[in-house]
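S.K.: Model the structure of this input:
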Amino acid sequence: MSATDKAKNKVEDLAGKAKEKLGQVTGDHSTENEGKADQAKSDVKDAGEKVKDAFKH
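M.R.: You can find the predicted model right below:
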């Protein structure tokens, strides 16, 4: 996994966590769920990058 991809995924994960917390604090379940979805997307991208790396070696 390239460092750039890893950094982008981490930023997306952190943004998702922030959005989730904001939704919890404000009681906005839609924003909270969007944050959870952003985190899940980041996890899937990380997994995909790890699979690519495994086949490169």
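S.K.: C-alpha from now on. contacts and neighbour counts both.
M.R.: Will do.
S.K.: which element is residue 22 on?
M.R.: Assigned by DSSP states H and E, residue 22 belongs to helix 3-26.
S.K.: Give me the contact list for that helix.
M.R.: If you take Cα atoms under 8 Å, 6 or more residues apart in numbering as the criterion, helix 3-26 is touched by 28-40, 42-43, 45-46.
S.K.: Make a PyMOL selection of the buried ones in those.
M.R.: Buried residues among these (16 or more other Cα atoms under 10 Å), as a PyMOL selection:
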select buried, resi 31+32+33+34+35+36+37+38+39+42+43+45+46
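S.K.: still on that earlier bit, what residues sit buried inside the helix holding residue 22?
M.R.: Going by neighbour count (16+ other Cα under 10 Å), the buried part of helix 3-26 is 9-10, 12-23.
S.K.: what about residue 47, neighbour count?
M.R.: Each residue near residue 47 was counted by other Cα atoms under 10 Å, and the total is 13.
S.K.: What is the longest helix of the protein by residue count?
M.R.: Longest helix in the chain, counting residues (DSSP state H): helix 29-56.
S.K.: Show me what that one is packed up against.
M.R.: helix 3-26 (3 or more Cα pairs under 8 Å, 6 or more residues apart in numbering; DSSP states H and E).
S.K.: tell me the average confidence for the helix it packs on?
M.R.: For helix 3-26, mean pLDDT is 94.
S.K.: Understood, closing this out.
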